[in-house]
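**Q** any chance you could fold what I've pasted below:
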Amino acid sequence: MSTFSTRSAAAAVGLVLLLGGLSACGGDTPPTSAPPPATSAPVDTSAPPATSAAPDPNAVPLAENPQFAAGTTMARIAAAGKVKIGTPWTQPPFAVKNLTGEMEGYDVALARYIAGALGMTEDKIEWIEVTPIVREQYLQQGQVDFLLAAYAMNAGRQEVVGFAGPYLTLRQGFIVQKGNPNNIDATTDLDGKKICTALGSEQARQLPSFYPKAEIVTFDVVTKCVTAIENGQVDLYTAGVGTLAGNVSQNPDTLEMLPIVWGDPSGYSVGIQKQDIAFCEFLDVALQAAFDSGYAKAAWDKSFALMTDVPFPDFAIKPCAETAP
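**A** Have a look, this model is predicted:
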């Protein structure tokens, strides 16, 4: 049984996601700079990705006997006979472990496509749960081969890890208790307000700059922020608008998303080890194929589209020289 469901709040969530999408347009939000224009990434011809004529996110195309250059991450994964993928287990619409123990979500679908391009079937995937605070650590220590974990690329993270993509660009939003009983106006005054977010998240990084007089409360996982809002321990909870859409969809009777976005756009990307250009190029080719084939759109329709009216976003990756220096 899937944990995703269509909710009556989808229209309101759609408005916020639309404001927080690639165009980064939103009224009454702090001024931000637009993300740099994206360009096509180099093609790694040694690792052609799988393709499929049927864009069904549950029918992953599989590369047959792919050949990889010696010494590459792809060759190491192939030799190991399994791929270790780091992702959250409680963060729809990106990734969630459902009631039957199966992984689902938009990031999960893209991760399966990449695994297929590596020649790995579902039984060769080891799903490893990650939280924001351990993502860089898991990459550096080799506990995961790559991350698809609602993981935003930024300059600070690029000092210790690399990225491929981005595959999605969104902004940040706010959730309050249903009905906004405290009449919080996040566009004008959050001084002294308690704002909850995940420890190690992109929002935790940006909050001090945009709301320096707010009181920031952090937890290791976003679900604890949901509980804190419902119990009145904090005034607001912030995350990327995609994550917030999932929270509202799961808790429509207790949560409400405010109709604004804030902060710098977040480019959600695949996390890899630093300076692994060959793997970055392989991943960019696989991501491009997932979008070109319609596979990514089908995955979107089974995840994000169940929670919002926002259309499937455009896709534009950056060169690996910029994302995995």
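**Q** would you map the strands across the stretch 201-325 of the chain?
**A** Counting by DSSP state E, counting those that start in this stretch, the stretch 201-325 of the chain has strands at residues 215-219, 236-240, 255-257, 262-273.
**Q** residue ranges in the protein under the pLDDT threshold?
**A** Residues of the chain meeting the criterion pLDDT under 70: 1-58, 309.
**Q** so which residue is dead centre in it?
**A** The geometric centre of the chain, computed from its C-alpha atoms, lies nearest to residue 150 (CA atoms, centre = their mean), at 2.0 Å.
**Q** quick one, what contacts the closest residue to it other than its chain neighbours?
**A** In space, and not counting its chain neighbours, residue 150 is closest to residue 94: 4.2 Å by CB to CB, 6 or more residues apart in numbering. Yep, even glycine has a C-beta here, placed from its N, CA and C like the rest. Residue 94 makes contact with 87, 88, 105, 106, 107, 108, 149, 150, 242, 243, 246, 303 under the criterion CB atoms under 8 Å, 6 or more residues apart in numbering.
**Q** for residue 94, give its distance to residue 318.
**A** 20 Å (CB to CB, to the nearest Å).
**Q** any idea which residue of the protein is furthest from its center?
**A** Farthest-out residue of the chain from its mean C-alpha position, per CA atoms, centre = their mean: residue 70, at 30.7 Å.
**Q** now that residue, what's its secondary structure?
**A** Classification of residue 70 using DSSP: H, G, I helix; E, B strand; the rest coil returns coil.
**Q** same check on residue 170?
**A** Of the three states, residue 170 takes strand according to three-state DSSP.
**Q** ok, residue 272 to residue 148 distance?
**A** From residue 272 over to residue 148 (counting by CB to CB), the distance is 11 Å.
**Q** what's the answer for residue 241, then?
**A** Between residue 241 and residue 148 the distance is 18 Å, computed by CB to CB.
**Q** which one's more surrounded, the two?
**A** Higher neighbour count among residue 241 and residue 148: residue 148, with 31 against 27, using other CB atoms under 10 Å.
**Q** that one contacts residue 103, doesn't it?
**A** No. Between residue 148 and residue 103 there is no contact under CB atoms under 8 Å: 10.5 Å.
**Q** so what sits against both of these two?
**A** Residues touching both residue 148 and residue 103 comprise 87, 95, with contact defined as CB under 8 Å, 6+ apart.
**Q** starting at the chain centroid, how far to stretch 244-257?
**A** With CA atoms, centre = their mean, to the nearest Å as the basis, stretch 244-257 stands 18 Å off its chain's centre.
**Q** flag every buried residue along that stretch.
**A** Neighbour-count burial for stretch 244-257, counted by 16 or more other CB atoms under 10 Å, picks out 244-252, 254-257.
**Q** fine by me, we can end here.
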